[in-house]
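*Asks:* A predicted structure for the sequence below; I have some questions about it.
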Amino acid sequence: MKAAVLDAYGDSGRLVVREVPDPGPPGPGQVVVRARATSVNPLDWKLRKGSYRFLMPAKFPLVLGVDVAGEVDAVGPEVTRFQPGDPVFGGVDVVKHGGAYAELVLVREAALAAMPGVLSFEEAAALPTAGQTALQALRDKGELVTGERVLVNGAAGGVGHLAVQIARALGARVTGVAGGRNLEFVRGLGAHEAIDYEAEDFISRDETWDVLFDAVAASNYRDCEAVLSEKGGIYVTTGFYPRLPIEMTITALGGLFGQGRRARPVMVKHRAEDLVVLERLANQGRLRPEIQEVFPLERIAQAHDLSETGHVRGKLAVRIG
């Protein structure tokens with residue numbers, strides 16, 4: 001099969017498209033998906049550069065790509081929800097099984113769901129990692145409920161633009177923070193208000209939010225504490241910084257005694273039940289990924305380079321076949 005292969009850590013030029021062996025028959029609880037599309041996430045190029053070499057050491061040659069959309073090619077023992085030919089989307093364990101920059105991809109059934117019928121393969125491939133990160137950040141870590149106020153920092157980006165839509169679907173009043181050129185885009189996603197970070201720092205505002213989701217890891221709890229609701233505002237971040245574990249511990253202890261504000265990180269978990277939530281929202285017309293550009297697999301290096309600029313509106317998709 002054809003795949004984009006990484007033979008060593010390095011820049012995007014290390015990604016080489018060539019023929020590699022098929023993944024082989026699926027084991028218990030596993031599905032082989034014939035990939036039609038994948039997407040580029042920051043995790044992909046951070047793995048490529050070796051940023052996580054101690055947490056997630058790579059075994060080369062490595063195929064990257066944590067999102068997949070395509071059709072079921074084969075099912076293993078104990079798989080009950082899918083059969084060959086079913087259109088599916090989901091998340092891939094790159095280090096264990098190899099990623100989705102390939103024509104055939106091995107995926108756990110527990111990390112797959114039926115593909116939203118209203119989306120293209122490219123749109124569906126943009127959802128698993130970014131969509132579940134947004135959902136888990138808001139619903140699980142942020143405990144967001146109807147009527148609350150939420151601020152999404154990085155509201156035009158891959159995770160952020162989905163978070164705005166999910167927050168609206170959860171019944172929240174949404175403020176989105178983005179660059180000036182993206183303000184109308186953010187309002188079009190359903191944000192009640194859009195703040196231009198180039199002209200104004202939301203931290204200086206004389207208002208508070210129940211949930212502050214930093215989808216681009218550009219802030220920290222200490223700076224954002226003053227704009228969190230005193231009644232229990234929650235700061236959620238996709239990033240990590242040295243003081244975060246201390247802030248998590250202190251604010252968690254305070255929460256046990258009813259002392260309000262908390263700090264929490266979010267690390268995505270690929271779960272079929274959450275993919276089903278995203279599928280339902282998409283089919284209802286309440287969630288749709290923005291695709292800035294679709295690349296053929298042969299141009300995966302250019303897709304990585306563009307993603308690394310940090311100025312992509314929505315997501316970058318990659319067409320496999």
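*Replies:* Done, it's in. Values in this document were obtained by computation on a predicted structure and should not be read as measured data.

*Asks:* ok, now which ones touch residue 44?
*Replies:* Neighbouring residues of residue 44 by CB atoms under 8 Å, 6 or more residues apart in numbering: 64, 65, 66, 99, 304, 307. Bear in mind the C-beta positions are built from the backbone N, C-alpha and C, glycine included.

*Asks:* how much space is there between it and residue 67?
*Replies:* Residue 44 sits 9 Å away from residue 67, going by CB to CB, to the nearest Å.

*Asks:* Go through the contacts of residue 44 and name the one nearest residue 181.
*Replies:* residue 307 (17.9 Å; CB to CB).

*Asks:* Report whether the expected contact of residue 153 with residue 213 is present.
*Replies:* Yes. Assessed by CB atoms under 8 Å, residue 153 is found in contact with residue 213 at 6.9 Å.

*Asks:* Give the residue from those two that has the larger number of neighbours.
*Replies:* Taking neighbours as other CB atoms under 10 Å, residue 153 and residue 213 compare with residue 213 leading, 32 against 26.

*Asks:* can you list the residues that contact the one helix or strand that one maps to?
*Replies:* If you go by DSSP states H and E, residue 213 is part of strand 211-214. Strand 211-214 has contacts (CB under 8 Å, 6+ apart) with 134, 137-138, 142-144, 148-154, 160, 163, 172, 224, 227-228, 233-239.

*Asks:* so what sits against both of residue 153 and residue 213?
*Replies:* Counting by CB under 8 Å, 6+ apart, the common neighbours of residue 153 and residue 213 are residue 160.

*Asks:* re the thing from before, among the contacts of residue 44, which pair sits farthest apart?
*Replies:* Maximum pairwise distance in these, criterion CB to CB, is 14.9 Å, between 99 and 307.

*Asks:* Comparing the two, which residue is more hemmed in?
*Replies:* When residue 99 is set against residue 307 and neighbours are counted by other CB under 10 Å, the residue ahead is residue 99, at 25 against 21.

*Asks:* Helices of the stretch 151-300 of the chain, start to end?
*Replies:* Under the criterion DSSP state H, counting those that start in this stretch, the stretch 151-300 of the chain contains helices at 158-169, 183-188, 221-224, 244-256, 272-283, 300-308.
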